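J.: Coordinates only, no sequence provided:
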């Protein structure tokens, strides 16, 4: 090539390169400017207190967040802000109390960060913060490090039903009638003791001599722990107990966890128990970047071990902590906000906080007194039918009640008036056919689990009973009859084939293979009745649920699916069911939800506030009032408070007085609807 031509090319190339540099500088300046614009944009719409919470990135911070104050938006925006400030997403932890809330927060964060696909799990290796419930956090710690304290890699998680069955067997061996002491009551004592950080031995030494119930609970607990160990299983409480022990006893693992999550967010902090508080503090003690959000006025789980002291004494635990109060309510009308303030301000054990709103006054609260529980239910059903005719979506209506027994009359009222409804009751993962299929899935991960083997052998039946399985467990295979040996070998062959397939298949493929290989599809779908086919549809739905975990093929994905199935909560059913209808649920189950229209039934003294909770009278009264406050603050637009003059309780007609809580609401906010001909309430 001639030299002059080469020089020309170099000159043109250098000119192009210089232009490219200038263009690149301008481009990156534009990106920086756009980035600045987007920073401004994601803070737009936040009030001053919310902005303070989002921008306060370092050190311990407590946020007192009233109902409807936008705390979820604050949490997710703060996480986004941290990432924008250069914090790697995997260094951020966010913990909330329900799977539903965790999923929604995870999805919001994923969307804000621009991640392409939603993931059932987040955290290490995903480019996303780790967002989970406390039990999900505990599971993650145990799956990562639990072998150090003897927790197997693929442990199963027993739900309450599984746990109570073991306790029932323990009571039987102790010759204690379940009528004398119910498995649920014993499990409750054990759960509260675990939540307080007590071991079975510590509980025995402190409480076994104090009462017959505690002595039996201690003995049953010993047997219960042996059964869990034999089945390589943990219960819900172990998912907090064992991670705390792990972090307290192993400084290297504690340091690794503290480095993994440098910025920690805890939602609903008022509902944490002593052990959850310890777990939080262990993770936060090095970097002290702890951001807790809570509302003492919504503490409704002290009977389950929740302690408001974790939030009340946050400044003592973390000297110099900043406190931010979110008081503006974006959810409800002014009338509803004023009523909620008037209710909760009667409590003494709280931090000062008064909600405000810029929303319109809205409709007054309707109070209705009916003659009986049945006429109360029919009145509610007729009102709901009218609302549906006016175009209100059924999912936007909820009927809340203090105790589960109230649901019977409400269901009958809906059926009589033709109102479609959804009852938050039996959970998907507690249905028999679903638990049968899950037993097979767990067995494929670990064929040594005897309880799963017993359940799997009977679903579908294959002539292998508990006695035969007991012989196998005792090593008496030689004593089997030829016909028994054939059945056992066929059963074990299916288990071994599934165990091999679990190594490589995606979770959804594996679940479909399980129900094909074990005979459930043939027995229930091909040969079964119409009812069997309907039940098999739940088994098919299990494969759809498992598909969320297909991004992690093999045993790790299957184990994650099983763990989340065990931790599924009541509110998960609202998203799972395709049935349209108004929502019937307890006030406890409604925590964290919101609806356009809310009915609170059973506003009678002795029912709401409820009697017989135990503990000091003042504390009971305050918790009941907090529960009523939660019920009232679920409503966005309209609230109906109903009561029955006569209610049948334990077979007897009880004459009721209106709830004393009704007196807390200013009469200017209330109208009385008495179209059943009852006397206007006069308190």
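T.: Everything's here; your move. Worth saying up front: this structure is predicted, and the values here are computed from it rather than measured.
J.: Find the nearest non-adjacent residue to residue 285, please.
T.: The shortest distance from residue 285 to any non-neighbouring residue, by CB to CB, 6 or more residues apart in numbering, is to residue 258 (7.2 Å). Using the backbone N, CA and C atoms, a C-beta is placed for each residue, glycine as well.
J.: Could you grab the helix/strand/coil label for that neighbour?
T.: helix (DSSP: H, G, I helix; E, B strand; the rest coil).
J.: Now do the contacts for it.
T.: For residue 258, the contacting residues are 283, 284, 285, 286, 287, by CB atoms under 8 Å, 6 or more residues apart in numbering.
J.: One more: residue 587?
T.: Residue 587 neighbours (CB under 8 Å, 6+ apart): 300, 400, 401, 402, 600, 627, 628, 630, 631.
J.: confidence score at it?
T.: Per-residue pLDDT puts residue 587 at 94.
J.: Torsion angles phi and psi at it?
T.: The phi/psi pair for residue 587 (degrees, to the nearest 10) reads phi -60, psi -40.
J.: Buried by neighbour count: which residues of stretch 542-551 qualify?
T.: 542, 543, 545, 546, 547, 548, 549, 550, 551 (16 or more other CB atoms under 10 Å).
J.: Dump those residues to JSON lines, plus distance to residue 358.
T.: JSON lines is the format used below for the buried residues of stretch 542-551 (distance: CB to CB, whole Å):
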{"residue": "542", "distance to residue 358": "46"}
{"residue": "543", "distance to residue 358": "48"}
{"residue": "545", "distance to residue 358": "41"}
{"residue": "546", "distance to residue 358": "46"}
{"residue": "547", "distance to residue 358": "43"}
{"residue": "548", "distance to residue 358": "39"}
{"residue": "549", "distance to residue 358": "43"}
{"residue": "550", "distance to residue 358": "46"}
{"residue": "551", "distance to residue 358": "43"}
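J.: which among the contacts of residue 587 gets closest to residue 464?
T.: Within the contacts of residue 587, proximity to residue 464 (CB to CB) peaks at residue 401, which comes in at 44.2 Å.
J.: where's the closest one relative to residue 373, distance?
T.: With the distance defined as CB to CB, to the nearest Å, residue 401 ends up 10 Å from residue 373.
J.: Neighbour count for these two, which is higher?
T.: residue 373 (28 against 24; other CB atoms under 10 Å).
J.: which residues does the more buried one contact?
T.: 406, 409, 602, 644, 646, 647, 648.
J.: and what of residue 280?
T.: Counted by CB under 8 Å, 6+ apart, residue 280 has contacts 95, 264, 266, 272, 290, 292.
J.: That one belongs to a helix, doesn't it?
T.: Yes: remark: residue 280 belongs to a helix, assigned using three-state DSSP.
J.: what touches both of residue 401 and residue 373?
T.: residue 602.
J.: longest strand in this protein, by residue count?
T.: strand 635-649 (DSSP state E).
J.: List the buried residues for stretch 384-394?
T.: Result for stretch 384-394 [16+ other CB under 10 Å]: buried residues 384, 387, 388, 392, 394.
J.: okay, those in TSV with secondary structure, pLDDT and distance to residue 338 next?
T.: Conversion of those to TSV gives the following (DSSP: H, G, I helix; E, B strand; the rest coil; pLDDT from 0 to 100; distance: CB to CB, whole Å):
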residue	secondary structure	pLDDT	distance to residue 338
384	helix	97	25
387	helix	96	23
388	helix	96	28
392	coil	96	23
394	helix	95	28
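J.: Is the residue nearest to residue 404 when sequence neighbours are not counted bridged to anything, and to what?
T.: Leaving out its chain neighbours, the residue that sits closest to residue 404 by CB to CB, 6+ apart is residue 586, at 6.3 Å. Beta bridges link residue 586 to residue 401, judged by DSSP bridges.
J.: What is the burial count for residue 586?
T.: Neighbours of residue 586 (other CB under 10 Å): 18.
J.: on that earlier part again, so which of the buried residues of stretch 384-394 comes closest to residue 429?
T.: Checking these one by one against residue 429 (CB to CB), the nearest turns out to be residue 394, at 24.5 Å.
J.: gap between that closest one and residue 61?
T.: From residue 394 to residue 61 the distance is 40 Å (CB to CB).
J.: same deal with residue 385?
T.: 47 Å.
J.: How about residue 167?
T.: From residue 167 to residue 61 the distance is 41 Å (CB to CB).
J.: Residue 665 now?
T.: On the measure of CB to CB, residue 665 and residue 61 end up 34 Å apart.
J.: how many other residues sit next to the residue lying closest to residue 519 once chain neighbours are set aside?
T.: Spatial nearest neighbour of residue 519, excluding adjacent residues (CB to CB, 6+ apart): residue 460 at 4.9 Å. If you count neighbours by other CB under 10 Å, residue 460 ends up with 16.
J.: Helix or strand, whichever it is, which one in the chain has the lowest mean pLDDT?
T.: helix 3-43 (a mean of 47; mean pLDDT, DSSP states H and E).
J.: can you pull the buried residues of the helix or strand just after that one?
T.: Moving toward the C-terminus from helix 3-43, the next helix or strand (DSSP states H and E) is helix 48-55. For helix 48-55, the neighbour count (16+ other CB under 10 Å) marks 49, 50, 51, 52, 53, 54 as buried.
J.: Can you tell me which of these is nearest residue 306?
T.: Looking across the buried residues of helix 48-55 and measuring by CB to CB, the closest to residue 306 is residue 53, at 22.9 Å.
J.: list the contacts for that closest one?
T.: 61, 63, 74, 78, 291, 324, 326.
J.: Residue 660: what's its closest spatial neighbour, skipping adjacent residues?
T.: In space, residue 660 is closest to residue 605, 5.9 Å off (CB to CB, 6+ apart).
J.: ok, residues contacting stretch 91-105?
T.: 72, 75-76, 79, 82-83, 109, 129-134, 136-137, 260-268, 271, 280, 283, 564, 567-569, 571-572, 574-575, 592.
J.: Geometrically speaking, which residue is the centre of this structure?
T.: Residue closest to the average C-alpha location in the chain (CA atoms, centre = their mean): residue 98, at 2.1 Å.
J.: What separation do you get for it and residue 444?
T.: Residue 98 is 29 Å from residue 444, by CB to CB.
J.: next one: residue 621
T.: From residue 621 to residue 444 the distance is 52 Å (CB to CB).
J.: before we move on, the earlier item: looking at it, the residue nearest to residue 404 is touching residue 405, isn't it?
T.: No: at 10.5 Å, residue 586 does not count as touching residue 405 under the criterion of CB atoms under 8 Å.
J.: returning to that earlier point: who wins on neighbours among the contacts of residue 587?
T.: Going by other CB under 10 Å, residue 631 tops the contacts of residue 587 with 29 neighbours.
J.: Before I go, just wanted to say thanks for your time.
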